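Peer 1: quick one, what's the 3D model for this:
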Amino acid sequence: MKVTSLIPVMVLFTMLFASLLISIPVTAASSSVTGVIFRADVSEIYIEYESMPVEVQATYFLSGIPQTASINVLFTIENLTSTQTIARNFSVPSGIPYTVYLPALPPGYYQISAEATAQGYQSSPFSEQFLVAPPPVPYTAIWVNGGLFEFHSNMLNSTGHYNRNYTFTLVISYQYPGSAPQTTDVVYNVTNFTMKFPDQGETVVIIVEDKYGWIDGMGINPSEGIFSGPPYIYNFDITSQAPFTTVEIENGIVVGIFVMFIVIVLLRVRRRMQ
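Peer 2: Here you go, the predicted model:
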């Protein structure tokens, strides 16, 4: 009888103890989560002697809740091939993407470090490496109807011929419907290139890389933080894409309705003849 009467008490005590264990760490953690989070989008390569845009986002939070605040960001740029070091401070709004412009630099290999500070709290250290190179080598690349690709360098020597000191690499890939692109050829030391690709229902993708490492350099836009241009694409399977698929379906429906109409007319004529 005594054992039976103790069971409800033991169950109640166990439930209270379990709830205490769960609630204690949650309360302690939520009251101490305060700090600064920092992110930065640093390009792998920048143009020499031009200001360098870097998109950053820093967030100051108090007890796990983002706060409105001004955050100080300290950038330190170190030239890894010399002893040159540059420091710059920026004030950015909390929680909002913001573009800062770092000073123009000569060609070289650099490391950038950054730390954000707000209300006495600091973010985790941030560090990336990047290159500063001459601007992309100018070229002309175009697709002609039927899958003909034409490419040539715009760098000429004193005699008006292509300058062999400024060559390109062309990376050619094929992609078929429902499969991933596959590199089929890499052509090195190119100054001019013309090729007619066979129509096998594929999508041809060509990437142009110059001697400084710029990818599809004629399509970059540094002022908007775009440091890699779009590839050159030709799709032989164009009829499988909108709006051609819609046209084909609509045409198929029209043809189907017309055929059904002819069949119905013929059936009626046959019945009358019978």
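Peer 1: what residue spans form the domains of the protein?
Peer 2: Residue ranges for the domains of the chain, per automatic domain parsing: 35-133, 139-236, 240-268.
Peer 1: list the buried ones in stretch 116-129?
Peer 2: With burial defined by 16 or more other Cβ atoms under 10 Å, the residues of stretch 116-129 counted as buried are Ala116, Thr117, Ala118, Ser123, Phe126. C-beta coordinates here come from the backbone N, C-alpha and C atoms, glycine included.
Peer 1: from the residues you listed, which is closest to Thr34?
Peer 2: Nearest to Thr34 among these is Ala118, at 10.0 Å by Cβ to Cβ.
Peer 1: so the closest one touches Pro93, yeah?
Peer 2: No. Contact status for Ala118 versus Pro93: not in contact, 10.6 Å apart, counting by Cβ atoms under 8 Å.
Peer 1: need the overlap of contacts for those two.
Peer 2: Counting by Cβ atoms under 8 Å, 6 or more residues apart in numbering, the contacts common to Ala118 and Pro93 are Ala69, Ser70, Ile71.
Peer 1: residue contacts, the second one?
Peer 2: For Ser70, the residues meeting the contact criterion (Cβ under 8 Å, 6+ apart) are Ser91, Val92, Pro93, Ser94, Ala118.
Peer 1: go with 10 Å
Peer 2: Under the criterion of Cβ atoms under 10 Å, 6 or more residues apart in numbering, the neighbours of Ser70 are Ala58, Tyr60, Ser91, Val92, Pro93, Ser94, Ala118, Gln119.
Peer 1: just the residues you listed now: which is nearest Gln182?
Peer 2: When these are compared for distance to Gln182 (Cβ to Cβ), Ala58 comes out closest, at 41.2 Å.
Peer 1: is it true that the closest one touches Gly95?
Peer 2: Yes. Taking contact to mean Cβ atoms under 10 Å, the distance of 7.9 Å between Ala58 and Gly95 places them in contact.
Peer 1: which of those two has more neighbours?
Peer 2: Set side by side, Ala58 and Gly95 show more neighbours around Ala58, with 28 against 17, by other Cβ atoms under 10 Å.
Peer 1: where do the helices sit along this protein?
Peer 2: If DSSP state H is used as the criterion, the helices of the chain fall at 2-30, 244-273.
Peer 1: against Tyr176, how distant is Arg164?
Peer 2: According to Cβ to Cβ, to the nearest Å, Arg164 stands 36 Å off from Tyr176.
Peer 1: any residues in contact with both of Ala58 and Gly95?
Peer 2: Common neighbours of Ala58 and Gly95, using Cβ under 10 Å, 6+ apart, are Ile37, Ala69, Ile71.
Peer 1: partners of the first one in the sheet?
Peer 2: Yep, that's Ile37 we're talking about. Listed beta-bridge partners, Ile37: Thr59 (assigned using DSSP bridges).
Peer 1: that one touches Gln67, doesn't it?
Peer 2: No. Applying Cβ under 10 Å as the test, Ile37 and Gln67 come out as separate, 11.8 Å apart.
Peer 1: common neighbours of those two, please.
Peer 2: Contact criterion Cβ under 10 Å, 6+ apart; residues shared by Ile37 and Gln67: Thr59, Tyr60, Phe61, Ser94, Gly95.
Peer 1: most neighbours among the residues you listed, which one?
Peer 2: The most neighbours of any of those, using other Cβ under 10 Å, belong to Tyr60, which has 24 neighbours.
Peer 1: for it, give me its contacts.
Peer 2: In this structure, Tyr60 makes contact with 34-38, 66-71, 93-95, 116-119, 121, 123, judged by Cβ under 10 Å, 6+ apart.
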